Structures are given as structure tokens and as C-alpha cells.
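A.B. asks: sequence below, structure please.
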Amino acid sequence: MPATRRRSPVDVRNAIVSAAWDLFRQLGARTTVADVAERLGMSSANVYRFFPTKQALTDAVCANQLAALAAAARAAAAQPGSARERARAMILALNAAMREQMLNQARVHEIVDVALDERWPAIDAFMADCAAILAAVVVDGQARGEFAAGDPLGLADRTLFACVGVFHPTLIAQRTERDPPPEAVIDFVLRALAAPAVGAADAAHRTRSK
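C.D. replies: Numbers count the residues shown, from 1 in each chain. I've put the predicted structure just below:
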């Protein structure tokens, strides 16, 4: 009889986080550590070995999912194209990912609301990651003459703040048909980053197109 491979602590931890995420999508905030343990066929005590409280487990699930969102944003920002196109693609990637979770996974909404209200550390870390990703695009845009001079991280922070309605999960869930489409909001905000010559050229092009 072949020996059963013993899972490493990292594998067990990842399995717990994955099972908790599946249950959060089904049960929402009422998911318990006992539910997670039962899903994995282990004792609650074993789950507590890795996560001393339910909050610690929930934090880990939140951080794991936000890391995946940041990875999607990073991939979009790394696409070929101008700095403006890459910045636009990055913010749209955040919009698409958040829209999928908030509109198609209603139970997740409960946890997201709590995380935002209580400002969980994972939320701040995620926003810092997004700002850093966008700041790198801004640096490239400044070097190409697409974006105006200024502190790249500060410009990235303000750009994300101005686009908050595009990727903030609660605001996405509250959108109506009267709200402007995400693309229009992003294009409007990105015009503020444009170098003066680029902005004037864009305005002239729009005038000729009318």
C-alpha cells in the first residue's frame, strides 16, 4: 500500500484559506471556523493552529483575494501600449474583478462591507499596491512625455481616488443606468495626468472630430 504524502504546513494553510473562501461565497459572514474544519475533514483545533481566531482567518482570506486582484491589475498595467492605455487597462481590470465579486457573489458583499467599514490592514495594503503599480506607469508616461511632471506616487494616489467609483465594491453594487460608464470616468480622470502638449492635442482632435 503506497504511503500517503503528508501535507506541509503551507499546503494545509492554503487549503484552509481556500475552503474558507468557498464557504464565505456560500454562507457569507456567518461562516464559522467549525464550518471550515468540517469542509476539510479536520478538527476546529487544527484550524486554530494556523489561525488563532476567525478574524485572523478572515483577514487571510481577504488578503489572498486582494493579492489576486492586485496581480490582475499588475498584468493589465504591463500590457503593450502607451502609458495612458496601460493606466486605463489597469483601472478597468480592477473594475471587472470587483464587479464580478459584487454583482455575482452576493454573500461576499457582506464581508467586503465589514472589511471596508473596519479598514482591515489588507485593504490598506491592497490600495498601496495599486498605487505603486500605477505610479510605475506614471513614471513611464512622464519619461515618454505623455504625463505631466509631478510626484508619481502622489499622482497615482489622486488618480485612484478620483476613480474610486469605478472600482469601489460598494459603489459598484449601487450603480444605476444613469451613472456614466467606467470607461468615461477613467478617460476624464486620465486627462488630468496628460502633459500640456498632449492635452492640447487631444482637445484639438476632439474639436476637429465634431
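A.B. asks: elements contacting the host helix or strand of D129?
C.D. replies: Using DSSP states H and E, D129 falls within helix 121-144. For helix 121-144, the contact count by 3 or more Cβ pairs under 8 Å, 6 or more residues apart in numbering; DSSP states H and E identifies helix 54-77, helix 83-104, helix 106-118, helix 152-162 as packing neighbours. The way it works is simple: take the backbone N, C-alpha and C, and place the C-beta from them, glycine included.
A.B. asks: how about a cut-off of 7 Å?
C.D. replies: For helix 121-144, the elements it packs on are helix 54-77, helix 83-104, helix 152-162, judged by 3 or more Cβ pairs under 7 Å, 6 or more residues apart in numbering; DSSP states H and E.
A.B. asks: which one, of those helices, ends up nearest to R7?
C.D. replies: Put simply, out of the helices and strands packed on helix 121-144 the one that sits nearest R7 is helix 54-77, at 17.2 Å, with distance taken as Cβ to Cβ.
A.B. asks: not counting its neighbours along the chain, what's nearest the most centrally placed residue in the chain?
C.D. replies: Among the residues of the chain, the smallest C-alpha distance to the mean C-alpha position (Cα atoms, centre = their mean) belongs to L69, namely 4.0 Å. Beyond its immediate neighbours in the sequence, the residue positioned closest to L69 (Cβ to Cβ, 6 or more residues apart in numbering) is A97, lying 5.0 Å away.
A.B. asks: cool, thanks, talk later.
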